[in-house]
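Engineer: Here is a sequence together with a model predicted from it:
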Amino acid sequence: MSHPERLSPAGGGSASTASKPPRSNGNGDGQSGQSGLSLAEFAKARGLSQSAARPPLRQYISQLWQRRHFVWTFASSKSISLYTTARLGQLWQVLTPLLNAGVYYLIFGVLLKTSRGIPDFIPFLVTGVFVFTFTQRSVNTGAKSVGDNLSLIRALHFPRASLPFAYVILELQQLMMSLVVLFVIVLAMGEPLTVDWLLLIPVILLQLAFNIGISLVVARLGAFARDITQLLPFVLRTWFYFSGIIFSVAHLENSFKNHPWVVKVLEVNPGYVYVELSRHALLAKYRNYVEGLHHPTGHLWWYALFWAVLMFVGGFLYFYRAEERYGRG
Amino acid sequence: MVDGKEKTESVPVEDATEIAIDPTSDPIVVVDDLHIVYRIFGGGGDKGSAATALMRMLRRQNRPQMKEVHAIKGISFVVYRGDAVGIIGSNGSGKSTLLRAIAGLLPPEHGAVYTDGQPSLLGVNAALMKDLTGERNIVLGCLAQGLSLEETRAKYQEIVDFSGLKPEFIQLPMRAYSSGMGARLRFAIAAAKTHDVLLVDEALATGDARFKRKSKAKIDELRQDAGAVFLVAHALEVIQETCNRVIWIEEGVMRMDGDPETVIEAYTEATEK
């Protein structure tokens, strides 16, 4: 943890160099090696470490692991306090996604009729909205996770990555509530309960890793440029419309017969990948429909894994590299 | 570039000459030519309309509204094991900033703070949420300070007892507490942790007379466990009682460092002028 740039001004003939001789005057009878030491050298010789330094990566990860209970408690505390002043209380956790799905159904299902042959458009749409909302909200809250907790950062010591982690965990808890609603809707619409539903677990886990990664990235961006939080809603809305939430990408293959790359590009989009895999897990009718289009879907699992690993590892390292600078300014 | 200019103009020559290293004692905190600069956004002169903001953005992509506040300007000192150091100075002199820098919570612009063990501030206010019950806040506060789940469970009753809150209040959200009750609970949670280097920022000024006595006893107890204590307080008698050394800073520069009587006398003289 040496700071080469820290020493350079001192060597440049500034005040601290000039004051070195008097410093060591006080201990002429000390150990011979000690006199003439700068404060930094003295501190190092006595095994002191820099207090604002970033810990090595391995240590950082283990510190974060030690804070897992804090991350979880922080997330659930936030989610409790989110609704305490609302009269309907925790019910909003369920009502908010329901209302969202209702709005999208009204506009795209009833008014614009984008269903275009998709069987059971309501479960299709609601699954898409709920699953994508998990990513969307993780990014939104992740971007504010450092800025909104500056007082906490300035008062206590903890790996700062705990904050984006906690906010994504909070969103995961919200998603769990949404999923209960989703299961009820899906079953009420006559979808069968099949073994494929279990595939939702790996999908959500991969999406969780992806969301943590991406929110670590925006957390660092948002910490040093608050403007990001103004811009993100627009970016996220655009992303929403490109992610096949309100239309089926598999269905588009016919419309873009001459430009097959359009579908390929749309399919790489991580926003789409997790949504589509969730639909394949939950909606048997939709699964049959896509199979009927002779559209392969196995590669989506590879995309899901790729994005999860890339974002999680990349995002973590990216966030970690600015660890000691959060909370300043 | 801006930073470089700032540094050279404000390193005071006189304070650095006072530092003498005592090789026979065991240092626990070494502050070496520390500079802390806050960067504040949106404090610029003509922050007004969107049009001016747009014009600024068009001219250059830099963040022009950023203002720098040079809060600590080259402070150096060594604190040895067993020291209880009082930090005094008028409002805005940089006392709390210095404390946060020692805790490693504010990254230095230049210079460094070296410590043996992890210094920590006595204070968890920021981690607590007023909409949650006292019970939940105790758990949250303990975990935020880095206690494990087991330690939190073990300390829970001790915290409740120390805070003196009635059982029915523990189940109420903290926003229903009186300010005294809230302060007592916060102090109780903060004091549940043992510290290598303890940093106290005016925590003694809370609660009624009885709780003040209790908290002073608690701080003395924490002091015995800690390697060194830093105390920021406006009440000079508190400093005189608790500390064996006082550092006086003014406008981010060290004015004096020495035994409590001399420094406090000089400080009182200066402030009464």
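Structural biologist: Structure received. This one's a predicted model, so the numbers in the text were calculated from it and none came from an experiment.

Engineer: burial measure for the residue in the stretch 151-273 of chain B that chain A sits nearest to, as a count.
Structural biologist: Closest to chain A within the stretch 151-273 of chain B is residue B:173: 6.8 Å, counting by C-beta to the nearest C-beta. Bear in mind the C-beta positions are built from the backbone N, C-alpha and C, glycine included. By other C-beta atoms under 10 Å in any protein chain shown, the residues close to residue B:173 number 19.

Engineer: quick one, phi psi at it?
Structural biologist: phi -60, psi 150 (degrees, to the nearest 10).

Engineer: Hmm, residue B:130 and it touching each other?
Structural biologist: Yes. Judged on C-beta atoms under 8 Å, residue B:173 makes contact with residue B:130 at a distance of 6.8 Å.

Engineer: any weak-confidence spans in chain B?
Structural biologist: Filtered on pLDDT under 70, chain B yields the residue ranges B:1-20, B:41-66, B:203-207, B:273.

Engineer: Dead centre of it: give me the residue that sits there.
Structural biologist: By C-alpha atoms, centre = their mean, chain B has its centre lying nearest to residue B:99, at 3.8 Å.

Engineer: which SSE is that one in?
Structural biologist: In the assignment (DSSP states H and E), residue B:99 maps to helix B:95-102.

Engineer: check whether the helix or strand following that helix contacts chain A.
Structural biologist: Later in the chain than helix B:95-102, the nearest helix or strand by DSSP H and E is strand B:110-115. Yes. Counting by C-beta under 8 Å from any C-beta of the partner chain, chain A has neighbours in strand B:110-115: B:110, B:111, B:112, B:113, B:114, B:115.

Engineer: could you flag which of the residues you listed are buried?
Structural biologist: Buried by 16 or more other C-beta atoms under 10 Å in any protein chain shown: B:110, B:111, B:112, B:113, B:114, B:115, out of those.

Engineer: Compile those into TSV and extend it with columns for distance to residue A:248.
Structural biologist: Putting those into TSV (distance: C-beta to C-beta, whole Å) gives the following:
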residue	distance to residue A:248
B:110	58
B:111	60
B:112	58
B:113	58
B:114	61
B:115	59
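
Engineer: List just the nearest of those residues to chain A.
Structural biologist: The closest of those to chain A turns out to be residue B:114 (C-beta to the nearest C-beta; 3.4 Å).

Engineer: Got phi/psi on residue B:73?
Structural biologist: With angles defined as degrees, to the nearest 10, residue B:73 sits at phi -120, psi 80.

Engineer: I should have written residue A:307 there, sorry.
Structural biologist: According to degrees, to the nearest 10, residue A:307 has phi -60, psi -40.

Engineer: so who does it touch?
Structural biologist: A:206, A:210, A:270, A:273 (C-beta atoms under 8 Å, 6 or more residues apart in numbering or on different chains).

Engineer: now swap in residue A:270 and tell me
Structural biologist: Each residue near residue A:270 by C-beta under 8 Å, 6+ apart is listed here: A:135, A:210, A:303, A:304, A:307, A:311.

Engineer: and the last one, that one's in a helix?
Structural biologist: By that I understand residue A:311. Yes. Using DSSP: H, G, I helix; E, B strand; the rest coil, the assignment for residue A:311 is a helix.

Engineer: returning to what we had before: Throw the contacts of residue A:307 into JSON lines and include pLDDT and distance to residue B:240, thanks.
Structural biologist: Formatted as JSON lines, those follow (pLDDT from 0 to 100; distance: C-beta to C-beta, whole Å):
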{"residue": "A:206", "pLDDT": "97", "distance to residue B:240": "61"}
{"residue": "A:210", "pLDDT": "97", "distance to residue B:240": "58"}
{"residue": "A:270", "pLDDT": "94", "distance to residue B:240": "62"}
{"residue": "A:273", "pLDDT": "94", "distance to residue B:240": "66"}
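
Engineer: May I see those residues organised as CSV, with distance to residue A:72 added?
Structural biologist: Below are the contacts of residue A:307 laid out as CSV (distance: C-beta to C-beta, whole Å):
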residue, distance to residue A:72
A:206, 20
A:210, 20
A:270, 25
A:273, 27
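
Engineer: Tell me which entries of the residues you listed lie within helices.
Structural biologist: Among the contacts of residue A:307, the members found in helices (DSSP state H) are A:206, A:210, A:270, A:273.

Engineer: Next, count neighbours for the first one.
Structural biologist: For residue A:206, the count of nearby residues is 23 (other C-beta under 10 Å).

Engineer: So it sits against residue A:303, correct?
Structural biologist: No. Residue A:206 is beyond contact range of residue A:303, at 9.7 Å (criterion: C-beta under 8 Å).

Engineer: can you tell me which helix or strand residue B:247 belongs to?
Structural biologist: Residue B:247 belongs to strand B:245-250 when assigned by DSSP H and E.

Engineer: actually residue B:77, not the one I typed
Structural biologist: When elements are assigned from DSSP H and E, residue B:77 belongs to strand B:67-80.

Engineer: May I have the strands that pair with that strand, each with its orientation?
Structural biologist: Here strand B:67-80 is paired, per DSSP bridges, with strand B:27-40 (antiparallel).

Engineer: Can you give me the buried ones in the strand it pairs with?
Structural biologist: For strand B:27-40, a neighbour-count test (16+ other C-beta under 10 Å) marks B:27, B:28, B:29, B:30, B:31, B:32, B:33, B:34, B:35, B:36, B:37 as buried.

Engineer: Give me the angle between that strand and strand B:245-250.
Structural biologist: If you take axes from the mean of the first three to the mean of the last three C-alpha atoms, to 10 degrees, strand B:27-40 sits at 20 degrees to strand B:245-250.

Engineer: is the helix or strand hosting residue A:154 anywhere near chain B?
Structural biologist: Using DSSP H and E, residue A:154 sits within helix A:150-155. Yes. Legend: contact between helix A:150-155 and chain B by C-beta under 8 Å from any C-beta is shown at A:151, A:152, A:153, A:154, A:155.

Engineer: quick check, nearest of those residues to residue A:281?
Structural biologist: Using C-beta to C-beta, residue A:152 comes nearest to residue A:281 of the residues of helix A:150-155 next to chain B, at 37.6 Å.

Engineer: Now for residue A:318: which residues touch it?
Structural biologist: Counting by C-beta under 8 Å, 6+ apart, residue A:318 touches A:216, A:217, A:220.

Engineer: Can you add distance to residue B:261 and secondary structure and give those residues back as a markdown table?
Structural biologist: Shown next, in a markdown table, are the contacts of residue A:318 (distance: C-beta to C-beta, whole Å; DSSP: H, G, I helix; E, B strand; the rest coil):
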| residue | distance to residue B:261 | secondary structure |
| --- | --- | --- |
| A:216 | 52 | helix |
| A:217 | 55 | helix |
| A:220 | 49 | helix |
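
Engineer: Could you dump the residues you listed into JSON lines and include neighbour count?
Structural biologist: Below are these laid out as JSON lines (neighbours: other C-beta atoms under 10 Å in any protein chain shown):
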{"residue": "A:216", "neighbour count": "27"}
{"residue": "A:217", "neighbour count": "20"}
{"residue": "A:220", "neighbour count": "27"}
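
Engineer: Closest to chain B out of those?
Structural biologist: The closest of the contacts of residue A:318 to chain B turns out to be residue A:220 (C-beta to the nearest C-beta; 14.6 Å).

Engineer: Would you map the strands across chain B?
Structural biologist: B:27-40, B:67-80, B:84-88, B:110-115, B:119-122, B:197-201, B:228-232, B:245-250, B:253-258 (DSSP state E).

Engineer: before we move on, back to that, buried ones in the helix holding residue A:154, by neighbour count?
Structural biologist: Residues A:152, A:153, A:154, A:155 are the ones in helix A:150-155 that count as buried (16+ other C-beta under 10 Å).

Engineer: for residue A:223, phi and psi?
Structural biologist: Dihedral angles (degrees, to the nearest 10) for residue A:223: phi -70, psi -30.

Engineer: Who are the contact partners of it?
Structural biologist: By C-beta under 8 Å, 6+ apart, the neighbours of residue A:223 are A:146, A:147, A:322, A:326.

Engineer: likewise residue A:44?
Structural biologist: Counting by C-beta under 8 Å, 6+ apart, residue A:44 makes contact with residue B:114.

Engineer: go on, residue A:134?
Structural biologist: Going by C-beta under 8 Å, 6+ apart, residue A:134 touches A:171, A:172, A:174, A:175, A:178, A:204, A:207, A:211.

Engineer: Fine by me, we can end here.
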